[in-house]
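>>> Model the following, please.
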Amino acid sequence: MATIGVGRAIPIFPPAAMQTSMFSNSLVIDADGEEIAFKYFPSSTSPITDVDLNVDTVGTPTGINLRIRVESDNADAPSGTILGATNGAITASFNVAADGFTGLKALGESTGNLTVNVPVWIILYRHDGNSLSGTNYFAFRGSSVNHPYVGFARVRLYTGGNWATAPTVSRLGYVLKHADGNYDGMPYLTSLANPTAATDLFGTYRHGVRIKVGSQTLISGFWWYPTKTGSPNSLVAAVFEGSVLKYSNTILAADIVTTVWMPVYFSSPVLLAADTNLYIILGQEDDLGGGVLGDDGGDESNDYDTRMSTMSATYREAGLASDMAFVYGANDDPAALTVSNTDIPLIIPMICDPATDLDQAAGGGGGFPILGGSVVR
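Have a look, this model is predicted:
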């Protein structure tokens, strides 16, 4: 097999899962009359009907009534023109008392049809109530990763009567609901942590990821962001097509470093079936070795875990494709493991060459169709 290398590998699990920790954007509204906005590029024409923002609160900003509005773009800044049939794409007033998502806020009227790739601006501002101050204020909240395809957002601050403050680029937490019922955005709720529901990797406990691809797929390897406790045995990583084991590799415990990204490669991957649940399953090797799942090595003081973020199950489609999920439990059949709708695991499958690692046989068959007893030529 050709050398893979992380530089040429392509993730087939959303790289948005690679976030590290939540943070507050550097542009803040800490005085009355200030506003913050981020630039959103529509992927469909469906109007925006509701907005949910991940807001960072500083101090005790109680009694401050906020609103959200949506404006068109003018030269990389909000235009001053509010969208909607009667310029009514504005939410009702709401309060934010703690960090996190505010909950969906309905716009007074939808934005009207959007234009794909023509940006609009989502703007958060004080409406009335108590005043903003240098000790009680708000910012957008998101992840510490800045990357153009993991939630890139251009953020601007309105102060001094204009949007002239130099913009920043951040990966923000937000969700937009569209009139067609679909959600878009970055719905991640938490900094990376070990999962709360899934038991650590020892004994018969497994962690894994489920994916489905529309073509035959060769999974060359995966990225993993583990924690390691004590002195566990080597790790077994296995690839399944449905419940059928297709190939596996063993990673020596000495080569696994806690809370450090690592690539894991498969020495003999093969094409896997299209439109089938595929799994990468991790388990600890038993005390006798052997390199296959079904082992029962380690204990609670000598184990591995998989770092991950979480998201709201309501917004799941904004963060993951429907067939992608974290799976876990004490079963060697991956199809029998528990499927999580809220965890975003850092087990990220990769392919090496789309021309060969994604493959589909040509359609059609030999011979001529026969209609009504006659050969059609």
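
>>> Can you give the domain ranges for the protein?
22-186, 192-358 (automatic domain parsing).

>>> residues in contact with the helix or strand containing Leu66?
Per DSSP states H and E, Leu66 falls inside strand 64-73. Defining contact as Cβ atoms under 8 Å, 6 or more residues apart in numbering, one finds that strand 64-73 is touched by 37, 39, 48, 51, 53, 78-84, 89-96, 105, 107, 111, 118-132, 136, 138. Placement of C-beta: from N, CA and C, glycine included.

>>> are any of those residues buried, and which?
Among the contacts of strand 64-73, those classed as buried by neighbour count (16 or more other Cβ atoms under 10 Å) are 37, 39, 48, 51, 53, 78, 82-84, 89-91, 96, 105, 107, 111, 119-126, 132, 136, 138.

>>> circling back to that earlier point, minimum distance to Ile12: which of the domains of the chain has it?
Nearest to Ile12 among the domains of the chain is domain 192-358 (5.0 Å), distances taken as Cβ to Cβ.

>>> And stretch 161-175, how far out from the chain middle?
Counting by Cα atoms, centre = their mean, to the nearest Å, stretch 161-175 is centred 21 Å from the centre of its parent chain.

>>> hmm, I was thinking of stretch 207-214
That offset, for stretch 207-214, works out to 14 Å (Cα atoms, centre = their mean).

>>> what helices or strands is the helix or strand just after the strand holding Leu66 leaning on?
Using DSSP H and E, the helix or strand that follows strand 64-73 towards the C-terminus is strand 78-82. Applying 3 or more Cβ pairs under 8 Å, 6 or more residues apart in numbering; DSSP states H and E, one finds that strand 78-82 contacts strand 64-73, strand 120-129.

>>> Need these in CSV (columns: distance to Leu218).
Shown next, in CSV, are the helices and strands packed on strand 78-82 (distance: least, Cβ to Cβ, whole Å):
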stretch, distance to Leu218
strand 64-73, 42
strand 120-129, 40
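
>>> Can you check which of these gets nearest to Asn302?
The nearest among those, by Cβ to Cβ, is strand 120-129 at 47.2 Å.

>>> May I have that closest one exported as PDB, CA atoms only?
Included here for strand 120-129 are C-alpha records, laid out as PDB according to Å, rounded to 0.1, in the frame of the first residue of the first chain:
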ATOM      1  CA  VAL A 120     -25.900  38.000   5.500                       C
ATOM      2  CA  TRP A 121     -25.000  39.300   8.900                       C
ATOM      3  CA  ILE A 122     -26.400  38.000  12.300                       C
ATOM      4  CA  ILE A 123     -26.300  40.800  14.800                       C
ATOM      5  CA  LEU A 124     -26.600  40.700  18.600                       C
ATOM      6  CA  TYR A 125     -27.300  44.000  20.400                       C
ATOM      7  CA  ARG A 126     -28.800  45.600  23.500                       C
ATOM      8  CA  HIS A 127     -32.400  46.700  23.000                       C
ATOM      9  CA  ASP A 128     -33.200  48.200  26.400                       C
ATOM     10  CA  GLY A 129     -33.200  47.500  30.200                       C
END
